[in-house]
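*Asks:* I would like to see how this sequence folds:
(2 chains, ligands or ions: 2)
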Amino acid sequence: MNPNNYYTKEQEKVISITGLYKSFHELAVLKGIDLELFKGENMAVLGKSGSGKSVLIKLIVGLLKPDKGEVIVLNKQVDKLNPQELDALRLRIGFSFQSSALYDSMSIRQNLEFPLKMNRKNLGKKEIDNAVEEVLDSVGLKDKLNQMPADLSGGQRKRIGIARTLILKPEIMLYDEPTSGLDPITSIEINELINEVQQQYNTSSIIITHDLTCAKETCNRIAMLFDGKFLKVGMFDEVFDSEDEQIQSFFKYNFIQ
Amino acid sequence: MQKTNLKKYIFSKGVDQYFADVYKASLFIVRFFKEAVRPPFHIREIINHCFEIGLKSLPLITLTGFIIGIVFTKQSRPALEDFGATALLPSLIGIAIVKAMGALVTALICAGKVGSGIGAELGSMKVTEQIEAMEVSAINPFKYLVVTRVIATAISVPVLALYCSLVAMLGSYVNVNANEATSFITFIQNAFSTIQFLDIFTSVTKSILFGLTIGLVGCYKGYNATQGTRGVGKAANQAVVLAMFLVFIEEMIVVQVYNWIRLY
Ligand SMILES: Nc1ncnc2c1ncn2[C@@H]1O[C@H](COP(=O)(O)OP(=O)(O)O)[C@@H](O)[C@H]1O
Ligand SMILES: [Mg+2]
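*Replies:* Ligands and ions are numbered 1, 2, ... in the order given. The predicted model follows:
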(Lines give C-alpha, C1' and ligand atoms only; values in the text may rest on other atoms or scores of the structure.)
(Ligands and ions follow the chains in the order given, each with its own letter.)
Protein backbone atom coordinates (compact mmCIF):
# COMPACT_ATOMS: atom_id res chain seq x y z
CA MET A 1 0.00 0.00 0.00
CA ASN A 2 1.30 3.36 -0.93
CA PRO A 3 0.93 5.88 1.91
CA ASN A 4 1.03 8.67 -0.66
CA ASN A 5 -2.39 7.60 -1.75
CA TYR A 6 -3.76 8.38 1.64
CA TYR A 7 -6.62 10.80 1.36
CA THR A 8 -6.66 14.41 2.31
CA LYS A 9 -9.79 16.19 3.41
CA GLU A 10 -9.80 18.39 0.33
CA GLN A 11 -10.24 15.49 -2.03
CA GLU A 12 -13.51 15.11 -3.87
CA LYS A 13 -15.96 12.71 -2.28
CA VAL A 14 -17.67 10.24 -4.62
CA ILE A 15 -19.68 8.42 -1.97
CA SER A 16 -20.85 9.89 1.28
CA ILE A 17 -23.02 7.92 3.68
CA THR A 18 -24.34 9.32 6.95
CA GLY A 19 -26.39 7.69 9.70
CA LEU A 20 -27.48 4.75 7.59
CA TYR A 21 -29.91 2.22 9.10
CA LYS A 22 -31.36 -0.86 7.46
CA SER A 23 -33.31 -3.74 8.90
CA PHE A 24 -35.29 -6.67 7.51
CA HIS A 25 -38.40 -7.22 9.61
CA GLU A 26 -37.02 -7.64 13.13
CA LEU A 27 -33.42 -8.13 12.00
CA ALA A 28 -31.42 -4.91 12.30
CA VAL A 29 -28.52 -5.26 9.88
CA LEU A 30 -27.00 -1.78 9.61
CA LYS A 31 -27.23 0.45 12.67
CA GLY A 32 -25.74 3.83 11.93
CA ILE A 33 -23.11 3.65 9.21
CA ASP A 34 -21.01 6.66 8.20
CA LEU A 35 -18.67 6.31 5.27
CA GLU A 36 -16.82 8.50 2.81
CA LEU A 37 -15.13 7.36 -0.35
CA PHE A 38 -12.77 9.79 -2.04
CA LYS A 39 -12.03 10.05 -5.72
CA GLY A 40 -9.40 7.57 -6.86
CA GLU A 41 -9.39 5.69 -3.61
CA ASN A 42 -9.88 1.97 -2.98
CA MET A 43 -11.56 1.13 0.28
CA ALA A 44 -12.15 -2.30 1.78
CA VAL A 45 -15.09 -3.14 3.98
CA LEU A 46 -14.20 -6.09 6.17
CA GLY A 47 -16.61 -8.07 8.28
CA LYS A 48 -17.85 -11.50 9.14
CA SER A 49 -20.29 -13.16 6.78
CA GLY A 50 -23.82 -12.07 7.51
CA SER A 51 -22.66 -8.75 8.95
CA GLY A 52 -24.41 -6.77 6.21
CA LYS A 53 -21.60 -6.00 3.79
CA SER A 54 -23.61 -6.92 0.73
CA VAL A 55 -26.58 -5.01 2.09
CA LEU A 56 -24.35 -1.93 2.37
CA ILE A 57 -23.30 -1.89 -1.28
CA LYS A 58 -26.78 -2.79 -2.45
CA LEU A 59 -27.94 0.35 -0.69
CA ILE A 60 -25.32 2.32 -2.60
CA VAL A 61 -26.74 1.29 -6.00
CA GLY A 62 -30.34 1.56 -4.84
CA LEU A 63 -31.11 -2.16 -4.98
CA LEU A 64 -32.31 -1.68 -1.41
CA LYS A 65 -33.84 1.36 0.24
CA PRO A 66 -32.46 2.72 3.51
CA ASP A 67 -34.74 2.90 6.57
CA LYS A 68 -32.97 6.00 7.75
CA GLY A 69 -29.93 8.03 6.76
CA GLU A 70 -28.44 9.46 3.61
CA VAL A 71 -26.62 7.75 0.80
CA ILE A 72 -25.08 10.27 -1.56
CA VAL A 73 -23.30 8.92 -4.63
CA LEU A 74 -21.70 11.24 -7.18
CA ASN A 75 -23.65 14.10 -5.61
CA LYS A 76 -27.02 12.36 -5.93
CA GLN A 77 -29.10 11.12 -3.01
CA VAL A 78 -29.79 7.58 -4.16
CA ASP A 79 -33.17 6.93 -2.53
CA LYS A 80 -34.62 10.24 -3.75
CA LEU A 81 -34.03 9.61 -7.46
CA ASN A 82 -36.78 8.76 -9.93
CA PRO A 83 -36.26 5.60 -12.02
CA GLN A 84 -34.65 7.45 -14.94
CA GLU A 85 -32.25 9.34 -12.70
CA LEU A 86 -31.41 6.15 -10.82
CA ASP A 87 -30.63 4.37 -14.11
CA ALA A 88 -28.41 7.27 -15.16
CA LEU A 89 -26.54 7.01 -11.88
CA ARG A 90 -26.23 3.22 -12.10
CA LEU A 91 -24.54 3.55 -15.48
CA ARG A 92 -21.72 5.36 -13.68
CA ILE A 93 -21.31 2.58 -11.11
CA GLY A 94 -19.90 -0.89 -11.76
CA PHE A 95 -21.11 -3.70 -9.55
CA SER A 96 -19.22 -6.98 -9.42
CA PHE A 97 -21.43 -9.63 -7.81
CA GLN A 98 -20.26 -12.25 -5.37
CA SER A 99 -21.64 -14.98 -7.63
CA SER A 100 -20.40 -13.13 -10.77
CA ALA A 101 -24.05 -13.17 -11.94
CA LEU A 102 -23.21 -13.87 -15.58
CA TYR A 103 -26.28 -14.43 -17.74
CA ASP A 104 -26.01 -18.16 -18.30
CA SER A 105 -28.25 -18.23 -21.33
CA MET A 106 -25.89 -15.88 -23.18
CA SER A 107 -22.38 -16.38 -24.53
CA ILE A 108 -19.52 -14.32 -23.11
CA ARG A 109 -19.77 -11.94 -26.06
CA GLN A 110 -23.51 -11.49 -25.52
CA ASN A 111 -22.96 -10.99 -21.80
CA LEU A 112 -20.56 -8.15 -22.50
CA GLU A 113 -22.61 -6.61 -25.31
CA PHE A 114 -25.87 -6.70 -23.40
CA PRO A 115 -25.41 -3.63 -21.16
CA LEU A 116 -24.12 -1.64 -24.13
CA LYS A 117 -26.85 -2.67 -26.53
CA MET A 118 -29.56 -1.91 -24.01
CA ASN A 119 -28.18 1.45 -22.91
CA ARG A 120 -26.36 2.97 -25.86
CA LYS A 121 -28.76 2.42 -28.72
CA ASN A 122 -26.84 4.63 -31.11
CA LEU A 123 -23.69 2.48 -31.15
CA GLY A 124 -22.83 0.61 -34.35
CA LYS A 125 -21.69 -3.00 -34.54
CA LYS A 126 -18.09 -2.00 -35.01
CA GLU A 127 -18.05 0.19 -31.93
CA ILE A 128 -19.63 -2.54 -29.82
CA ASP A 129 -17.12 -5.11 -31.06
CA ASN A 130 -14.28 -2.76 -30.23
CA ALA A 131 -15.62 -2.12 -26.74
CA VAL A 132 -16.02 -5.85 -26.09
CA GLU A 133 -12.48 -6.50 -27.27
CA GLU A 134 -11.10 -3.72 -25.12
CA VAL A 135 -12.65 -4.91 -21.86
CA LEU A 136 -11.82 -8.55 -22.56
CA ASP A 137 -8.25 -7.45 -23.08
CA SER A 138 -8.33 -5.56 -19.78
CA VAL A 139 -9.28 -8.71 -17.91
CA GLY A 140 -6.98 -10.92 -20.01
CA LEU A 141 -9.56 -13.32 -21.42
CA LYS A 142 -9.60 -12.53 -25.13
CA ASP A 143 -9.82 -16.17 -26.16
CA LYS A 144 -13.08 -16.83 -24.29
CA LEU A 145 -15.24 -14.59 -26.46
CA ASN A 146 -17.53 -17.27 -27.87
CA GLN A 147 -17.74 -19.60 -24.90
CA MET A 148 -20.64 -19.94 -22.50
CA PRO A 149 -20.36 -18.90 -18.83
CA ALA A 150 -20.77 -22.53 -17.75
CA ASP A 151 -17.49 -23.36 -19.50
CA LEU A 152 -15.46 -20.94 -17.37
CA SER A 153 -13.73 -21.41 -14.03
CA GLY A 154 -14.72 -19.38 -10.98
CA GLY A 155 -11.88 -16.92 -11.42
CA GLN A 156 -12.63 -16.46 -15.11
CA ARG A 157 -16.29 -15.85 -14.34
CA LYS A 158 -15.29 -13.16 -11.85
CA ARG A 159 -13.14 -11.52 -14.53
CA ILE A 160 -15.94 -11.57 -17.09
CA GLY A 161 -18.29 -10.14 -14.47
CA ILE A 162 -15.85 -7.31 -13.92
CA ALA A 163 -15.39 -6.82 -17.67
CA ARG A 164 -19.14 -6.57 -18.10
CA THR A 165 -19.28 -3.65 -15.72
CA LEU A 166 -16.18 -2.00 -17.21
CA ILE A 167 -17.79 -1.84 -20.64
CA LEU A 168 -19.95 1.05 -19.41
CA LYS A 169 -16.84 2.92 -18.20
CA PRO A 170 -17.90 3.32 -14.57
CA GLU A 171 -16.50 5.96 -12.24
CA ILE A 172 -17.09 3.85 -9.15
CA MET A 173 -16.54 0.10 -8.82
CA LEU A 174 -18.20 -1.96 -6.12
CA TYR A 175 -16.77 -5.44 -5.64
CA ASP A 176 -18.72 -7.95 -3.57
CA GLU A 177 -16.25 -10.53 -2.23
CA PRO A 178 -14.12 -10.60 -5.40
CA THR A 179 -11.87 -13.38 -4.09
CA SER A 180 -14.30 -15.56 -2.17
CA GLY A 181 -14.37 -19.15 -3.30
CA LEU A 182 -11.14 -18.79 -5.29
CA ASP A 183 -7.82 -20.50 -4.71
CA PRO A 184 -4.97 -18.31 -3.37
CA ILE A 185 -3.20 -17.92 -6.72
CA THR A 186 -6.36 -16.93 -8.56
CA SER A 187 -7.12 -14.56 -5.70
CA ILE A 188 -3.80 -12.84 -6.21
CA GLU A 189 -4.59 -12.45 -9.91
CA ILE A 190 -7.95 -10.90 -9.07
CA ASN A 191 -6.24 -8.52 -6.63
CA GLU A 192 -3.90 -7.46 -9.42
CA LEU A 193 -6.83 -7.02 -11.74
CA ILE A 194 -8.57 -4.76 -9.24
CA ASN A 195 -5.47 -2.58 -9.05
CA GLU A 196 -5.12 -2.50 -12.84
CA VAL A 197 -8.73 -1.51 -13.24
CA GLN A 198 -8.27 1.34 -10.80
CA GLN A 199 -5.33 2.66 -12.79
CA GLN A 200 -6.59 2.03 -16.28
CA TYR A 201 -10.14 3.22 -15.75
CA ASN A 202 -9.47 5.72 -13.00
CA THR A 203 -12.13 4.35 -10.71
CA SER A 204 -12.82 4.72 -7.03
CA SER A 205 -13.77 1.43 -5.44
CA ILE A 206 -15.36 -0.22 -2.47
CA ILE A 207 -14.20 -3.78 -2.02
CA ILE A 208 -16.27 -5.99 0.23
CA THR A 209 -14.26 -8.86 1.55
CA HIS A 210 -13.27 -11.02 4.46
CA ASP A 211 -9.98 -11.78 2.76
CA LEU A 212 -7.23 -9.82 4.51
CA THR A 213 -4.71 -10.25 1.71
CA CYS A 214 -7.17 -8.80 -0.74
CA ALA A 215 -7.80 -5.82 1.52
CA LYS A 216 -4.11 -5.22 2.10
CA GLU A 217 -3.12 -5.56 -1.56
CA THR A 218 -5.85 -3.50 -3.15
CA CYS A 219 -6.98 -0.88 -0.69
CA ASN A 220 -5.89 2.46 0.64
CA ARG A 221 -8.18 2.33 3.62
CA ILE A 222 -10.18 -0.35 5.34
CA ALA A 223 -13.34 -0.20 7.41
CA MET A 224 -14.31 -2.86 9.92
CA LEU A 225 -18.02 -3.61 9.93
CA PHE A 226 -19.14 -5.18 13.15
CA ASP A 227 -22.63 -5.57 14.55
CA GLY A 228 -24.09 -3.06 12.12
CA LYS A 229 -21.53 -0.33 12.71
CA PHE A 230 -18.03 0.57 11.61
CA LEU A 231 -15.76 -0.26 14.52
CA LYS A 232 -12.78 1.37 12.94
CA VAL A 233 -11.90 3.09 9.67
CA GLY A 234 -8.32 3.77 8.66
CA MET A 235 -5.25 2.55 6.88
CA PHE A 236 -4.56 -1.17 7.06
CA ASP A 237 -1.82 -1.04 9.69
CA GLU A 238 -3.78 1.43 11.74
CA VAL A 239 -6.71 -0.96 11.97
CA PHE A 240 -4.51 -4.00 12.28
CA ASP A 241 -2.71 -2.56 15.30
CA SER A 242 -5.93 -1.53 16.97
CA GLU A 243 -6.33 -2.63 20.56
CA ASP A 244 -10.02 -3.35 20.08
CA GLU A 245 -10.81 -6.91 21.14
CA GLN A 246 -13.29 -7.64 18.39
CA ILE A 247 -10.96 -6.38 15.69
CA GLN A 248 -8.13 -8.41 17.14
CA SER A 249 -10.21 -11.56 17.17
CA PHE A 250 -11.27 -10.95 13.57
CA PHE A 251 -7.67 -10.67 12.41
CA LYS A 252 -6.56 -13.63 14.51
CA TYR A 253 -9.29 -15.82 13.13
CA ASN A 254 -8.55 -14.82 9.55
CA PHE A 255 -4.86 -15.53 9.82
CA ILE A 256 -5.43 -18.95 11.32
CA GLN A 257 -7.55 -19.71 8.28
CA MET B 1 -57.04 -23.23 26.65
CA GLN B 2 -53.55 -22.21 25.71
CA LYS B 3 -53.52 -24.74 22.93
CA THR B 4 -56.55 -23.21 21.22
CA ASN B 5 -54.94 -19.81 21.43
CA LEU B 6 -51.85 -21.12 19.75
CA LYS B 7 -53.94 -22.72 17.05
CA LYS B 8 -55.83 -19.47 16.55
CA TYR B 9 -52.53 -17.61 16.34
CA ILE B 10 -51.09 -19.95 13.76
CA PHE B 11 -54.33 -19.85 11.79
CA SER B 12 -54.53 -16.06 11.79
CA LYS B 13 -50.89 -15.85 10.81
CA GLY B 14 -51.59 -18.17 7.90
CA VAL B 15 -54.52 -16.05 6.81
CA ASP B 16 -52.42 -12.89 7.04
CA GLN B 17 -49.72 -14.52 4.94
CA TYR B 18 -52.33 -15.62 2.40
CA PHE B 19 -53.68 -12.11 1.94
CA ALA B 20 -50.18 -10.67 1.82
CA ASP B 21 -49.38 -13.10 -1.00
CA VAL B 22 -52.56 -12.25 -2.87
CA TYR B 23 -51.75 -8.56 -2.55
CA LYS B 24 -48.20 -9.08 -3.78
CA ALA B 25 -49.43 -11.13 -6.74
CA SER B 26 -51.98 -8.48 -7.70
CA LEU B 27 -49.26 -5.81 -7.64
CA PHE B 28 -47.25 -8.04 -9.96
CA ILE B 29 -50.18 -8.36 -12.37
CA VAL B 30 -50.88 -4.62 -12.34
CA ARG B 31 -47.21 -3.94 -12.95
CA PHE B 32 -47.27 -6.28 -15.94
CA PHE B 33 -50.11 -4.39 -17.62
CA LYS B 34 -48.53 -1.03 -16.85
CA GLU B 35 -45.13 -1.96 -18.22
CA ALA B 36 -46.52 -3.90 -21.18
CA VAL B 37 -47.92 -0.74 -22.77
CA ARG B 38 -44.81 1.39 -22.24
CA PRO B 39 -41.87 1.32 -24.68
CA PRO B 40 -39.32 -0.18 -25.25
CA PHE B 41 -41.14 -3.34 -26.33
CA HIS B 42 -38.29 -5.82 -26.96
CA ILE B 43 -40.18 -7.23 -29.95
CA ARG B 44 -37.36 -9.55 -30.94
CA GLU B 45 -37.24 -11.06 -27.49
CA ILE B 46 -41.00 -11.69 -27.64
CA ILE B 47 -40.68 -13.41 -31.03
CA ASN B 48 -37.83 -15.56 -29.73
CA HIS B 49 -39.90 -16.66 -26.76
CA CYS B 50 -42.91 -17.40 -28.99
CA PHE B 51 -40.82 -19.69 -31.13
CA GLU B 52 -39.29 -21.39 -28.16
CA ILE B 53 -42.64 -21.94 -26.44
CA GLY B 54 -44.30 -23.06 -29.66
CA LEU B 55 -41.57 -25.46 -30.72
CA LYS B 56 -41.16 -26.85 -27.22
CA SER B 57 -44.81 -27.83 -26.95
CA LEU B 58 -45.54 -28.75 -30.56
CA PRO B 59 -44.69 -32.50 -30.53
CA LEU B 60 -46.55 -33.13 -27.30
CA ILE B 61 -49.59 -31.18 -28.41
CA THR B 62 -49.69 -32.90 -31.78
CA LEU B 63 -49.60 -36.31 -30.17
CA THR B 64 -52.07 -35.50 -27.40
CA GLY B 65 -54.48 -33.74 -29.74
CA PHE B 66 -54.51 -36.61 -32.21
CA ILE B 67 -55.05 -39.25 -29.53
CA ILE B 68 -57.80 -37.24 -27.88
CA GLY B 69 -59.58 -36.96 -31.22
CA ILE B 70 -59.47 -40.71 -31.78
CA VAL B 71 -60.31 -41.73 -28.22
CA PHE B 72 -63.14 -39.26 -27.88
CA THR B 73 -64.71 -40.46 -31.11
CA LYS B 74 -64.35 -44.10 -30.16
CA GLN B 75 -65.88 -43.55 -26.74
CA SER B 76 -68.82 -41.54 -28.05
CA ARG B 77 -69.79 -43.95 -30.81
CA PRO B 78 -71.62 -46.63 -28.72
CA ALA B 79 -73.86 -44.02 -27.08
CA LEU B 80 -74.86 -42.61 -30.48
CA GLU B 81 -75.20 -46.05 -32.05
CA ASP B 82 -77.99 -46.86 -29.61
CA PHE B 83 -80.05 -44.16 -31.27
CA GLY B 84 -78.74 -44.92 -34.71
CA ALA B 85 -77.24 -41.46 -34.76
CA THR B 86 -73.60 -42.10 -35.61
CA ALA B 87 -73.97 -39.51 -38.35
CA LEU B 88 -73.96 -36.91 -35.59
CA LEU B 89 -70.46 -37.94 -34.46
CA PRO B 90 -68.56 -35.22 -36.38
CA SER B 91 -70.65 -32.39 -35.01
CA LEU B 92 -70.54 -33.77 -31.48
CA ILE B 93 -66.76 -34.08 -31.59
CA GLY B 94 -66.47 -30.65 -33.22
CA ILE B 95 -68.37 -29.02 -30.38
CA ALA B 96 -66.51 -30.89 -27.67
CA ILE B 97 -63.10 -30.10 -29.09
CA VAL B 98 -63.55 -26.52 -30.19
CA LYS B 99 -65.55 -25.43 -27.17
CA ALA B 100 -63.72 -27.21 -24.41
CA MET B 101 -61.02 -29.78 -25.01
CA GLY B 102 -58.69 -27.94 -27.38
CA ALA B 103 -58.10 -24.93 -25.19
CA LEU B 104 -58.08 -26.84 -21.92
CA VAL B 105 -55.72 -29.60 -23.02
CA THR B 106 -53.33 -27.08 -24.58
CA ALA B 107 -53.38 -24.94 -21.46
CA LEU B 108 -52.63 -27.91 -19.21
CA ILE B 109 -49.76 -29.08 -21.40
CA CYS B 110 -48.34 -25.57 -21.56
CA ALA B 111 -48.75 -25.11 -17.81
CA GLY B 112 -46.65 -28.21 -17.33
CA LYS B 113 -44.04 -27.57 -19.97
CA VAL B 114 -43.85 -23.83 -20.40
CA GLY B 115 -44.92 -22.71 -16.91
CA SER B 116 -42.35 -24.87 -15.16
CA GLY B 117 -39.70 -23.81 -17.66
CA ILE B 118 -40.32 -20.12 -17.03
CA GLY B 119 -40.47 -20.64 -13.27
CA ALA B 120 -37.17 -22.49 -13.24
CA GLU B 121 -35.45 -20.10 -15.65
CA LEU B 122 -36.40 -16.90 -13.84
CA GLY B 123 -35.95 -18.60 -10.47
CA SER B 124 -32.37 -19.50 -11.23
CA MET B 125 -31.73 -16.00 -12.58
CA LYS B 126 -33.11 -14.61 -9.33
CA VAL B 127 -31.09 -16.73 -6.93
CA THR B 128 -27.84 -16.26 -8.86
CA GLU B 129 -28.27 -12.46 -8.78
CA GLN B 130 -28.68 -12.18 -12.57
CA ILE B 131 -31.85 -10.16 -12.15
CA GLU B 132 -30.08 -7.72 -9.84
CA ALA B 133 -27.21 -7.59 -12.31
CA MET B 134 -29.62 -6.34 -14.95
CA GLU B 135 -31.01 -3.77 -12.58
CA VAL B 136 -27.60 -2.31 -11.77
CA SER B 137 -26.81 -2.13 -15.49
CA ALA B 138 -29.84 0.16 -15.81
CA ILE B 139 -31.85 -2.52 -17.61
CA ASN B 140 -35.43 -3.05 -16.47
CA PRO B 141 -35.51 -6.80 -15.74
CA PHE B 142 -39.27 -6.83 -15.30
CA LYS B 143 -39.73 -5.57 -18.82
CA TYR B 144 -37.00 -7.60 -20.39
CA LEU B 145 -37.72 -10.90 -18.65
CA VAL B 146 -41.32 -10.87 -17.42
CA VAL B 147 -43.27 -8.75 -19.91
CA THR B 148 -41.73 -10.45 -22.95
CA ARG B 149 -42.43 -13.94 -21.62
CA VAL B 150 -46.02 -13.23 -20.59
CA ILE B 151 -46.84 -11.64 -23.94
CA ALA B 152 -45.24 -14.60 -25.68
CA THR B 153 -47.34 -17.13 -23.77
CA ALA B 154 -50.48 -15.05 -24.37
CA ILE B 155 -49.76 -15.25 -28.11
CA SER B 156 -48.52 -18.84 -28.30
CA VAL B 157 -51.14 -20.61 -26.22
CA PRO B 158 -54.13 -19.57 -28.39
CA VAL B 159 -52.23 -20.47 -31.56
CA LEU B 160 -51.31 -23.84 -30.08
CA ALA B 161 -54.91 -24.34 -28.91
CA LEU B 162 -56.26 -23.79 -32.43
CA TYR B 163 -53.63 -26.13 -33.75
CA CYS B 164 -54.51 -28.71 -31.10
CA SER B 165 -58.19 -28.52 -32.07
CA LEU B 166 -57.34 -29.06 -35.73
CA VAL B 167 -55.17 -32.06 -34.99
CA ALA B 168 -57.84 -33.52 -32.73
CA MET B 169 -60.43 -33.14 -35.49
CA LEU B 170 -58.03 -34.90 -37.80
CA GLY B 171 -57.69 -37.75 -35.31
CA SER B 172 -61.43 -37.93 -35.07
CA TYR B 173 -61.74 -37.95 -38.86
CA VAL B 174 -59.33 -40.86 -39.14
CA ASN B 175 -61.53 -42.88 -36.81
CA VAL B 176 -64.83 -41.81 -38.37
CA ASN B 177 -63.49 -42.51 -41.83
CA ALA B 178 -62.40 -45.99 -40.82
CA ASN B 179 -65.76 -46.88 -39.27
CA GLU B 180 -68.39 -44.92 -41.14
CA ALA B 181 -66.45 -44.28 -44.34
CA THR B 182 -67.40 -40.61 -44.17
CA SER B 183 -65.58 -38.45 -46.71
CA PHE B 184 -63.34 -35.63 -45.49
CA ILE B 185 -65.60 -32.92 -46.94
CA THR B 186 -68.71 -34.34 -45.32
CA PHE B 187 -66.89 -34.70 -42.02
CA ILE B 188 -65.76 -31.09 -42.05
CA GLN B 189 -69.16 -29.81 -43.15
CA ASN B 190 -70.85 -31.76 -40.38
CA ALA B 191 -68.34 -30.81 -37.77
CA PHE B 192 -68.55 -27.10 -38.47
CA SER B 193 -72.31 -27.01 -39.00
CA THR B 194 -72.90 -26.63 -35.26
CA ILE B 195 -69.89 -24.49 -34.38
CA GLN B 196 -70.69 -20.80 -34.29
CA PHE B 197 -68.37 -17.84 -34.51
CA LEU B 198 -69.02 -17.14 -30.83
CA ASP B 199 -67.68 -20.60 -29.97
CA ILE B 200 -64.38 -20.00 -31.72
CA PHE B 201 -64.19 -16.49 -30.37
CA THR B 202 -64.76 -17.70 -26.82
CA SER B 203 -62.23 -20.46 -27.26
CA VAL B 204 -59.57 -18.03 -28.45
CA THR B 205 -60.29 -15.49 -25.71
CA LYS B 206 -60.15 -18.26 -23.17
CA SER B 207 -56.80 -19.41 -24.52
CA ILE B 208 -55.41 -15.89 -24.32
CA LEU B 209 -56.50 -15.81 -20.69
CA PHE B 210 -54.88 -19.20 -20.08
CA GLY B 211 -51.70 -18.01 -21.76
CA LEU B 212 -51.57 -14.88 -19.64
CA THR B 213 -52.15 -16.98 -16.54
CA ILE B 214 -49.42 -19.50 -17.34
CA GLY B 215 -46.92 -16.74 -18.15
CA LEU B 216 -47.78 -14.59 -15.16
CA VAL B 217 -47.74 -17.46 -12.68
CA GLY B 218 -44.44 -18.82 -13.99
CA CYS B 219 -42.82 -15.38 -13.93
CA TYR B 220 -44.24 -14.49 -10.52
CA LYS B 221 -42.99 -17.68 -8.90
CA GLY B 222 -39.59 -17.43 -10.58
CA TYR B 223 -39.15 -13.71 -9.97
CA ASN B 224 -39.86 -14.19 -6.27
CA ALA B 225 -37.77 -17.33 -5.78
CA THR B 226 -35.61 -17.43 -2.65
CA GLN B 227 -33.38 -19.88 -0.80
CA GLY B 228 -30.88 -20.78 -3.48
CA THR B 229 -31.20 -23.81 -5.72
CA ARG B 230 -33.95 -25.32 -3.58
CA GLY B 231 -36.04 -22.27 -4.31
CA VAL B 232 -35.66 -22.81 -8.06
CA GLY B 233 -37.22 -26.26 -7.92
CA LYS B 234 -39.93 -24.95 -5.66
CA ALA B 235 -40.70 -22.07 -8.02
CA ALA B 236 -41.00 -24.40 -11.02
CA ASN B 237 -43.19 -26.82 -9.12
CA GLN B 238 -45.49 -24.20 -7.64
CA ALA B 239 -45.81 -22.52 -11.03
CA VAL B 240 -47.25 -25.70 -12.55
CA VAL B 241 -49.62 -26.46 -9.68
CA LEU B 242 -50.97 -22.94 -9.37
CA ALA B 243 -51.27 -22.40 -13.13
CA MET B 244 -53.24 -25.64 -13.58
CA PHE B 245 -55.50 -24.79 -10.68
CA LEU B 246 -56.20 -21.31 -12.06
CA VAL B 247 -56.80 -22.66 -15.57
CA PHE B 248 -59.61 -24.86 -14.24
CA ILE B 249 -61.13 -22.03 -12.24
CA GLU B 250 -61.00 -19.75 -15.28
CA GLU B 251 -62.50 -22.44 -17.50
CA MET B 252 -65.43 -22.65 -15.11
CA ILE B 253 -65.94 -18.90 -15.03
CA VAL B 254 -65.66 -18.55 -18.81
CA VAL B 255 -68.29 -21.25 -19.35
CA GLN B 256 -70.64 -19.38 -17.05
CA VAL B 257 -70.05 -16.08 -18.80
CA TYR B 258 -70.39 -17.70 -22.21
CA ASN B 259 -73.77 -19.21 -21.33
CA TRP B 260 -74.89 -15.90 -19.95
CA ILE B 261 -73.89 -14.11 -23.18
CA ARG B 262 -75.77 -16.67 -25.27
CA LEU B 263 -78.92 -16.13 -23.28
CA TYR B 264 -78.94 -12.40 -23.95
N1 LIG C 1 -33.38 -9.02 0.93
C2 LIG C 1 -33.23 -9.47 2.20
N3 LIG C 1 -34.29 -9.83 2.93
C4 LIG C 1 -34.15 -10.25 4.19
N5 LIG C 1 -32.98 -10.38 4.82
C6 LIG C 1 -31.87 -10.04 4.16
C7 LIG C 1 -31.93 -9.57 2.81
N8 LIG C 1 -30.67 -9.31 2.38
C9 LIG C 1 -29.87 -9.62 3.41
N10 LIG C 1 -30.57 -10.05 4.48
C11 LIG C 1 -30.01 -10.43 5.78
O12 LIG C 1 -29.12 -9.42 6.18
C13 LIG C 1 -27.98 -9.99 6.80
C14 LIG C 1 -26.73 -9.48 6.13
O15 LIG C 1 -26.65 -10.03 4.83
P16 LIG C 1 -25.44 -9.72 3.86
O17 LIG C 1 -25.28 -8.27 3.67
O18 LIG C 1 -25.69 -10.51 2.63
O19 LIG C 1 -24.19 -10.31 4.62
P20 LIG C 1 -22.68 -10.33 4.14
O21 LIG C 1 -21.94 -9.43 5.05
O22 LIG C 1 -22.25 -11.74 4.30
O23 LIG C 1 -22.64 -9.89 2.73
C24 LIG C 1 -28.14 -11.49 6.71
O25 LIG C 1 -28.57 -11.95 7.98
C26 LIG C 1 -29.21 -11.69 5.70
O27 LIG C 1 -29.98 -12.82 6.02
MG1 LIG D 1 -22.30 -10.89 0.98
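
*Asks:* can I see the domain layout of the chain?
*Replies:* By default, I'm working from chain A. Split into domains by automatic domain parsing, chain A comes to A:11-92+A:171-257, A:99-169.

*Asks:* please go with chain B instead
*Replies:* Chain B breaks down into these domains under automatic domain parsing: B:1-38, B:49-263.

*Asks:* Same list (the ones you listed) but as JSON lines, adding mean pLDDT, mean neighbour count and distance to ligand 1.
*Replies:* In short, each C-beta sits where N, CA and C put it, glycine included. Formatted as JSON lines, the domains of chain B follow (pLDDT from 0 to 100; neighbours: other C-beta atoms under 10 Å in any protein chain shown; distance: least, C-beta to the nearest ligand atom, whole Å):
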{"stretch": "domain B:1-38", "mean pLDDT": "86", "mean neighbour count": "11", "distance to ligand 1": "14"}
{"stretch": "domain B:49-263", "mean pLDDT": "93", "mean neighbour count": "20", "distance to ligand 1": "8"}
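
*Asks:* Looking at these, spot the one closest to residue A:92.
*Replies:* Closest of the domains of chain B to residue A:92 is domain B:49-263, at 9.7 Å (criterion: C-beta to C-beta).

*Asks:* The closest one: how far from the chain's middle?
*Replies:* Computed by C-alpha atoms, centre = their mean, to the nearest Å, the chain-centroid distance of domain B:49-263 equals 4 Å.

*Asks:* Quote the end-to-end distance of that domain.
*Replies:* Separation of the first and last residues of domain B:49-263 by C-alpha to C-alpha, to the nearest Å is 39 Å.

*Asks:* close to chain A, is that domain?
*Replies:* Yes. With C-beta under 8 Å from any C-beta of the partner chain as the criterion, chain A is reached by domain B:49-263 at B:121, B:124-125, B:128-130, B:132-133, B:135-139, B:144.

*Asks:* Packing partners of the one helix or strand residue A:197 maps to?
*Replies:* If you go by DSSP states H and E, residue A:197 is part of helix A:184-201. Applying 3 or more C-beta pairs under 8 Å, 6 or more residues apart in numbering or on different chains; DSSP states H and E, we find helix A:184-201 packed against strand A:42-46, helix A:125-138, helix A:154-166, strand A:172-176, strand A:204-209, helix A:212-218.

*Asks:* For that helix, could you pull out the residues that count as buried?
*Replies:* Under the neighbour-count criterion of 16 or more other C-beta atoms under 10 Å in any protein chain shown, helix A:184-201 has A:186-187, A:189-191, A:193-194, A:197-198, A:201 buried.

*Asks:* And for it, what's in contact with it?
*Replies:* A:40, A:42, A:138-140, A:153-155, A:158-159, A:162, A:166, A:169-170, A:173, A:175, A:178-179, A:182, A:203-205, A:207, A:211, A:213-214, A:217-218 (C-beta atoms under 8 Å, 6 or more residues apart in numbering or on different chains).

*Asks:* Compute the inter-axis angle for it and helix A:154-166.
*Replies:* Going by axes from the mean of the first three to the mean of the last three C-alpha atoms, to 10 degrees, helix A:184-201 is angled at 10 degrees with respect to helix A:154-166.

*Asks:* Helix A:125-138 and helix A:184-201, what's the angle between them?
*Replies:* Orientation check (the same axes, to 10 degrees): helix A:184-201 against helix A:125-138 gives 130 degrees.
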